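Engineer: Next input, structure requested:
(chains A and B)
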Amino acid sequence: GEDVEQSLFLSVREGDSSVINCTYTDSSSTYLYWYKQEPGAGLQLLTYIFSNMDMKQDQRLTVLLNKKDKHLSLRIADTQTGDSAIYFCAESISNDMRFGAGTRLTVKP
Amino acid sequence: DAGVIQSPRHEVTEMGQEVTLRCKPISGHNSLFWYRQTMMRGLELLIYFNNNVPIDDSGMPEDRFSAKMPNASFSTLKIQPSEPRDSAVYFCASSYPGQGQPQHFGDGTRLSIL
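Structural biologist: Residues are numbered from 1 along each chain as shown, chains lettered A, B, ... in the order given. Here you go, the predicted structure:
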C-alpha cells in the first residue's frame, strides 16, 4: 500500500508494557522513526533505527525492525501515565518523510 | 539550543481574512517543511524547501495557500482568503538536508477560522 499504517488506539495499565506496531511502505527506506506528540505540542523525535539494524534499545524503549515484512514496532517497558500521547511511525523517503496516522496510547492508573 | 520557533501559537480570525503563519527553523538546518494536522486527515505535508527553494508544493490545497522562504532563518505560510475548513494545527519542521535526516518540529500554530 501507499500509506504507513498504524493502529489508531492502544490502552494499557500503568506498569505494563506497551507495543505499538507500524507497517511502512518503502523497502529502500534507510531510516525509520518514532515520534511522540503530547497534547498541544509538536512531534518530538523519540528514537530512530537504521535499516541495517533489527533492534535498538534506549532505556525503556525498544525498537524492532523486520525488513522482510516492512514492520516496525515500539515497545515501552513499565509504561507510565506520562507516556500517554500519540505515537507516530515515519519512514525516510528521498529528502522527505512519510508519517503514519498515529497511535493514541492511553495509560490507565 | 533553540528549537523550531513558530508564531503565533494561536490565531482566531474571521473567514475572508488573511492569515500569516511564521517559522524560524533551527540554525544550520537547510530543509524546512510545513504540515497541517486535523482530526479527519491527520498530518499532511503542504510544502517543503531546500536551501530556501520550494521543492515540492503538491500538498498545498489550493491557490489560497502560499509559502515563502526569503532567507535561511525565516519562512511564512499565508492563507488568503481564509475559510472555516482551513482550521487546523499548522506545524513547521526543519532538518539537515539529505535522506535520513530526522525532522524537528515546532509547537505549531492552532488556527481557528470563524
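Engineer: Contact residues of chain A facing chain B?
Structural biologist: A:30-31, A:33, A:35, A:40-45, A:48, A:50, A:88, A:92, A:94-97, A:99, A:101-102 (CB under 8 Å from any CB of the partner chain). For every residue, glycine as well, the C-beta is placed using N, CA and C.
Engineer: Provide a PyMOL selection command restricted to the buried entries of these.
Structural biologist: Remark: buried members of the residues of chain A next to chain B, expressed as a PyMOL selection using 16 or more other CB atoms under 10 Å in any protein chain shown:
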select buried, chain A and resi 31+33+35+42+43+44+48+88+92+95+96+97+99+101+102
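Engineer: Narrow the residues of chain A next to chain B to those in strands?
Structural biologist: Among those, the ones falling in strands (DSSP state E) are A:31, A:33, A:35, A:43-45, A:48, A:50, A:88, A:92, A:96-97, A:99.
Engineer: quick one: low-confidence parts of chain A?
Structural biologist: A:1-2, A:95 (pLDDT under 70).
Engineer: Return the list of helices and strands in contact with whichever strand or helix holds A:Ile86.
Structural biologist: According to DSSP states H and E, A:Ile86 maps onto strand A:85-93. For strand A:85-93, the packing partners by 3 or more CB pairs under 8 Å, 6 or more residues apart in numbering or on different chains; DSSP states H and E come out as strand A:5-6, strand A:18-23, strand A:31-37, strand A:71-76, strand A:96-99, strand A:103-108.
Engineer: mind putting those in JSON lines, distance to B:Phe74 included?
Structural biologist: Shown next, in JSON lines, are these (distance: least, CB to CB, whole Å):
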{"stretch": "strand A:5-6", "distance to B:Phe74": "34"}
{"stretch": "strand A:18-23", "distance to B:Phe74": "34"}
{"stretch": "strand A:31-37", "distance to B:Phe74": "24"}
{"stretch": "strand A:71-76", "distance to B:Phe74": "34"}
{"stretch": "strand A:96-99", "distance to B:Phe74": "21"}
{"stretch": "strand A:103-108", "distance to B:Phe74": "34"}
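Engineer: Of all these, which one is nearest B:Ser27?
Structural biologist: Closest of the helices and strands packed on strand A:85-93 to B:Ser27 is strand A:96-99, at 20.8 Å (criterion: CB to CB).
Engineer: got a list of contacts for that closest one?
Structural biologist: A:4, A:24-26, A:33, A:35, A:88-91, B:33, B:42-43, B:45, B:48, B:56, B:102-103 (CB atoms under 8 Å, 6 or more residues apart in numbering or on different chains).
Engineer: Buried among those? Need that as a selection in PyMOL.
Structural biologist: Burial among the contacts of strand A:96-99 is assessed by 16+ other CB under 10 Å; the matching PyMOL selection reads:
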select buried, (chain A and resi 4+24+33+35+88+89+90+91) or (chain B and resi 33+42+43+45+48+56+102+103)
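Engineer: Export only the CA atoms of the helix or strand harbouring A:Val12, formatted as PDB.
Structural biologist: Here A:Val12 sits within strand A:9-13, counting by DSSP H and E. The C-alpha trace of strand A:9-13 is given here as PDB (Å, rounded to 0.1, in the frame of the first residue of the first chain):
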ATOM      1  CA  PHE A   9      -5.700   3.300  19.600                       C
ATOM      2  CA  LEU A  10      -3.900   1.400  22.400                       C
ATOM      3  CA  SER A  11      -4.900   1.200  26.000                       C
ATOM      4  CA  VAL A  12      -2.700  -0.300  28.700                       C
ATOM      5  CA  ARG A  13      -2.400  -0.300  32.500                       C
END
